[in-house]
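Undergrad: Provide a 3D model corresponding to the input given below.
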Amino acid sequence: MDNCSSFLTPILEKYYLSPMYGLEFSIGFIGNLVVVLGYIFCLPAWKSTNVYLFSLSLSDLIFLCTLPELSYNYAFNQKKFNSSLCVINRYILHVNLYSSILFMMWVSVDRVLLLCHPQREHILLSLKAALCITILNWIWVNAQIAPLIVFIMQDLEENGWTVCRDFASLGVARVTLIYSIVLTISGYVVPLTALFLSSQRMVAVLRKRQEMRGTSFQRPVRIVRSAAIMFLVLYTPIHVMRIVRIVSRIPELKLSPCVVDYINAVFIVSRPIAYAHSAVNPVFYFLMTDSFKEALQDKWRQVKRILMNKP
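TA: Have a look, this model is predicted:
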C-alpha cells in the first residue's frame, strides 16, 4: 500500500492526461480559430458583447496551443521541463482559467443591460466601455495570478530549475492553501455568483415583457444559465480538489502516502475536466450573437460563389 504513488500518478498522467489534452486541443483549436478569424474578417460592426467574446476566444486559442506540449510530456513521462516553458505554460493556463469565467460574466451582464436598455443608451453597453472593462479584466486576472508565478519560480529554484510541479504541489502547504482559497473565491465563486444572478435578473425582466407582449423570450436566459451551469460543473471539481490536495500535504495531518496519492489522483482527473471549457466555449459564441453567426454565413456564401465561378 505504501507504493501507491509509484504507479497510480504515472498511469493517470500517461493514459488519461495525455489523450485528454490531445482531444481538447483537437476539438477546441479549430472552433476557437474559426471564431477569432470570423471576428477579425467577417464582423463589420462590433458591439460590447463582441469585445468580451473575442477576448474570451483569443484567450482560449492561446491556451489550447500549450496543450500539445503537455500531452507529449505526459505521454513520454518527461518529468523535466524547460524552466521558461514551465512558467509560461502555467501562467497561460491559469490566466485562461480565470479570464474565461470573468469574460462570460461580463457577457451575461451585457445581456441583462441590453434587455433593460434596448437602444444601448447605458454607458456600459458602449464599445469604449467594453474595451476599458476588457483591459481592466486582463489587469485584474494578471494580478490574481502573479503570486502563483512567484511560487513557481521559488519551487523551480529549489529543485534546480528542472521539475515543473502543478499548483497544488508548490511551496509550503499552509501558504499555498491561503492563496488557493483567496483565488477560488475571487476568481471563481464571485464571477459564478454574478452569472447566476444575471440569469435570475433576466428571468425577472423577461417575465414582465412576456406578460405585456405575450411573447416568449427564454432563449437568452437559457444561454446564460447554460454558461453558468457549464462553469459550475467543469470548475467546481478542480477548485475543490486543489484545496483538498494542498490540505493533504500539511505535515500535521500525518496522512498515509496512499491516501495522499489517491487524493492527488482525483485532483489529476479534475484538471482536464476544467480545461474542457475551451473546447465548449465556441458554442456560446454562435448562440450569444446572431450577427456573428450571420456574418460567418455571409462570408461562407461569398467563398462558395468565388469557388464555383472559378474556371
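Undergrad: count of neighbours near I11?
TA: I11 has 11 neighbours, counted by other CB atoms under 10 Å. Any C-beta I mention is one placed from the backbone N, CA and C, and that applies to glycine too.
Undergrad: what helix or strand does it sit in?
TA: For I11, the enclosing helix or strand under DSSP states H and E is helix 8-12.
Undergrad: now do the helices in the stretch 1-150 of the chain.
TA: Secondary structure of the stretch 1-150 of the chain by DSSP state H, counting those that start in this stretch: the helices cover 8-12, 18-41, 48-64, 67-75, 83-116, 127-158.
Undergrad: from L125, how far off is Q119?
TA: As judged by CB to CB, to the nearest Å, Q119 and L125 stand 9 Å apart.
Undergrad: who are the packing partners of the helix holding I11?
TA: helix 257-275 (3 or more CB pairs under 8 Å, 6 or more residues apart in numbering; DSSP states H and E).
Undergrad: which residue of Q119 and L125 possesses the greater neighbour count?
TA: L125 (20 against 7).
Undergrad: tell me the contacts of R225?
TA: R225 makes contacts with F196, S199, as judged by CB atoms under 8 Å, 6 or more residues apart in numbering.
Undergrad: kindly recompute the last result at 6 Å.
TA: S199 (CB atoms under 6 Å, 6 or more residues apart in numbering).
Undergrad: so it: helix, strand or coil?
TA: Recorded secondary structure, R225: helix (DSSP: H, G, I helix; E, B strand; the rest coil).
Undergrad: mind listing what's buried in stretch 185-199?
TA: The neighbour-count check on stretch 185-199 (16 or more other CB atoms under 10 Å) flags G187, Y188, P191, L192, A194, L195, F196, S198, S199 as buried.
Undergrad: just want the phi and psi numbers for the fourth one.
TA: Per-residue torsions, L192: phi -60, psi -40 (degrees, to the nearest 10).
Undergrad: how much space separates it from H94?
TA: Distance from L192 to H94, by CB to CB: 17 Å.
Undergrad: ok, now the first one?
TA: Distance from G187 to H94, counting by CB to CB: 9 Å.
Undergrad: point out the most buried one among the helices of the stretch 1-150 of the chain.
TA: helix 48-64 (a mean of 23; mean count of other CB atoms under 10 Å).
Undergrad: what's next to it, contact-wise?
TA: For helix 48-64, contacts defined as CB under 6 Å, 6+ apart pick out 25, 28-29, 32, 35-36, 39, 92, 96, 99-100, 103, 106-107, 110, 125, 130, 134, 278, 281, 285, 289.
Undergrad: what about that helix, average pLDDT?
TA: Mean per-residue pLDDT for helix 48-64: 92.
Undergrad: so that helix versus helix 127-158, what angle?
TA: Going by axes from the mean of the first three to the mean of the last three CA atoms, to 10 degrees, helix 48-64 is angled at 20 degrees with respect to helix 127-158.
Undergrad: report the contact partners of the closest residue to I250 other than its chain neighbours.
TA: Nearest non-adjacent residue to I250, counting by CB to CB, 6 or more residues apart in numbering: A173, 4.8 Å away. Shown in contact with A173 (CB under 6 Å, 6+ apart): I246, R249, I250.
Undergrad: the residue lying closest to C65 once chain neighbours are set aside and L23: what is the separation?
TA: Nearest residue to C65, sequence neighbours excluded (CB to CB, 6+ apart): F29, at 7.5 Å. Counting by CB to CB, the separation of F29 from L23 is 11 Å.
Undergrad: go on, I181?
TA: 31 Å.
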